[in-house]
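Enquirer: Predicted structure and sequence below. I'll ask about it afterward.
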Amino acid sequence: MAAHPSHEPAPQRPDVRLLLLPLPEFTLLPFGGFLDKLRFSADDADRSRQRHCAWTLLGIDAQPVTSSSGVRVEIDATPADVDWRAFDYLVVFGSRTVEKSMALAGAYAPVLRAASRHGLPLVAIDNASFLLARAGLLRGHEVALHWRHVAEFRSAFPRIAVRGELIYCFDRDRITCAGGTAAIDMAVELLARHCGRARACKGLADMLVDEPRHPAHPLRSMEGDPRLGRHLSRAIALMCSALGEPMGIPELARRIGIGRRHLDRLFQERFGVSAHEHWTRMRLEHAQWRVQHSHHSLASIAGEVGLASAASLGRLMRQHLGQSPGALRAQRAASPSP
């Protein structure tokens, strides 16, 4: 019996083809947001066919990869299976912590270099930028980072230009993204360059996303608590974003548009301390967390909070916490893992 002719359109080559490489303990938010944006743009209807864009999940081996929340994803291919010429990008999703991502450089750098040698632009989402930098694959490029990682990245890789004001950055054959929901915005921009703006924005309403954000979009959540008032709220936001910068209180006040005495008076009225003391406490809180949750050197952590040396960090911690950095780190090492 003769088969009826199919009314389905003939298969077409997708406009853009991506290899997605989730690192062990990857975070689900940027991964799911990026992948769902691909899915909505891939088909003319919500049928999830990979027609206009296509993706393949790549793993260092064939084993499933477990996310930071325990969800496991199956792998479609390993580096041995991949024809690099069949793809347009390699997208790497960072691990749960910076330390874990950088520790994977030995195993993953050969894969990243192979993709780069074959002409694939490398896309680093969240702290995957640390992995690329450790592998020497970000030299001469600008990098967009999550604001929490800016000081740490500058300390670890001082020769790489950081664009801390951007949520994503396209710099020739390197694309970096701060992570979180910014992965959706970056996906829209990437898709627009291959599929057109209309298809790139398809499905945003279904995802309850108003519109794609500009890479320099200012985060309202970084503007501080509006209940504090405009000047105090802005001061705290600047302090948070400049923990490691050699900026003093006079310069901070100048950027806000008020005098130093006025700024100190606002902090005294609200917090009972000067602006300098409040900033010191913020830096101390960051340094304490880093001492207890990373294996980075004390000199490196000191640099992240604008201190000249590990000795300066030690003096500050003993003065305010009554303990040395070494004692705090030992306490963490002795406590059971969560």
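Expert: On my side now, so go ahead.
Enquirer: Distance check, Ala302 against Leu313.
Expert: According to C-beta to C-beta, to the nearest Å, Ala302 and Leu313 sit 4 Å apart. C-beta here means a position set from N, CA and C on the backbone, and glycine is covered the same way.
Enquirer: who touches the top strand by length along the chain?
Expert: As assigned by DSSP state E, the longest strand anywhere in the chain is strand 16-22. Identification of contacts with strand 16-22 by C-beta atoms under 8 Å, 6 or more residues apart in numbering yields 31, 34-35, 38, 52-59, 65, 67, 73, 77, 82, 86-93, 108, 111, 115, 120, 190-191, 194-195.
Enquirer: Separate out the buried members of those.
Expert: 31, 34-35, 38, 52-59, 65, 67, 73, 82, 87-93, 108, 111, 115, 120, 190-191, 194-195 (16 or more other C-beta atoms under 10 Å).
Enquirer: burial count for the residue nearest to Met317 when sequence neighbours are not counted?
Expert: Of all residues not flanking Met317 in the chain, Pro325 sits nearest, at 5.5 Å (C-beta to C-beta, 6 or more residues apart in numbering). Per other C-beta atoms under 10 Å, the neighbour tally for Pro325 reads 22.
Enquirer: What of the one 5 residues further on?
Expert: Applying other C-beta under 10 Å, we find 13 residues neighbouring Ala330.
Enquirer: same check, this time on Arg254
Expert: Residues contacting Arg254 under the criterion other C-beta under 10 Å number 14.
Enquirer: Would you verify that it is located in a strand?
Expert: No. Counting by DSSP: H, G, I helix; E, B strand; the rest coil, Arg254 is not found in a strand; it is helix.
Enquirer: So it versus Ala237, what's the distance?
Expert: 15 Å.
Enquirer: Check Asp44 too.
Expert: From Asp44 across to Ala237, the span is 43 Å (C-beta to C-beta).
Enquirer: Next: His293.
Expert: 24 Å.
Enquirer: just Leu137 next, same as before
Expert: For Leu137, the distance to Ala237 equals 32 Å [C-beta to C-beta].
Enquirer: Next: Thr78.
Expert: According to C-beta to C-beta, Thr78 stands 44 Å off from Ala237.
Enquirer: same deal with Leu112?
Expert: In terms of C-beta to C-beta, Leu112 sits 35 Å off from Ala237.
Enquirer: that older thread, who's more crowded, His293 and Ala237?
Expert: Ala237 (19 against 12).
Enquirer: quick check, that one in a strand?
Expert: No. Counting by three-state DSSP, one finds Ala237 to be helix, located in no strand.
Enquirer: so what pLDDT did it get?
Expert: On the pLDDT scale, Ala237 is placed at 80.
Enquirer: before we move on, what about the one 4 residues further on?
Expert: Ser241 is assigned a pLDDT of 74 by the prediction.
Enquirer: Number the chain from 2, please
Expert: Sure, I'll start counting at 2 from here, so that last one is Ser242.
Enquirer: So for it, what's the nearest residue that isn't a sequence neighbour?
Expert: Trp148 (5.9 Å).
Enquirer: surely that neighbour meets Ala243?
Expert: No. Using C-beta atoms under 8 Å, Trp148 is not in contact with Ala243; the gap is 10.3 Å.
Enquirer: So if I had to pick from Ala303 and Leu314, which one is more boxed in?
Expert: For Ala303 and Leu314, the more surrounded residue by other C-beta under 10 Å is Leu314, and the numbers stand at 27 against 24.
Enquirer: What's the local residue count around Gly107?
Expert: Neighbour count for Gly107, taken as other C-beta under 10 Å: 10.
Enquirer: Could you do Asp45 as well?
Expert: Other residues within reach of Asp45 by the criterion other C-beta under 10 Å amount to 11.
Enquirer: about what we covered before: what's the overlap in contacts for Ala303 and Leu314?
Expert: The contact sets of Ala303 and Leu314 overlap at Ala288 (C-beta under 8 Å, 6+ apart).
Enquirer: so after the helix or strand containing Thr177, what's the next helix or strand?
Expert: In the assignment (DSSP states H and E), Thr177 maps to strand 175-178. Elements were assigned by DSSP H and E; along the chain past strand 175-178, the next helix or strand is helix 183-196.
Enquirer: same question for that next one, mean pLDDT?
Expert: The model assigns helix 183-196 a mean pLDDT of 94.
Enquirer: residues in contact with it?
Expert: 16-17, 30-32, 34-35, 38-39, 42, 53-54, 89-90, 124, 126-127, 168-169, 171, 176, 178, 200-202, 205, 208, 210, 213-214, 216, 218.
Enquirer: Buried only: go through those for me.
Expert: 16-17, 30-32, 34-35, 38-39, 42, 53-54, 89-90, 124, 126-127, 168-169, 171, 176, 178, 200-202, 205, 210, 213-214, 216.
Enquirer: Many thanks, we can stop here.
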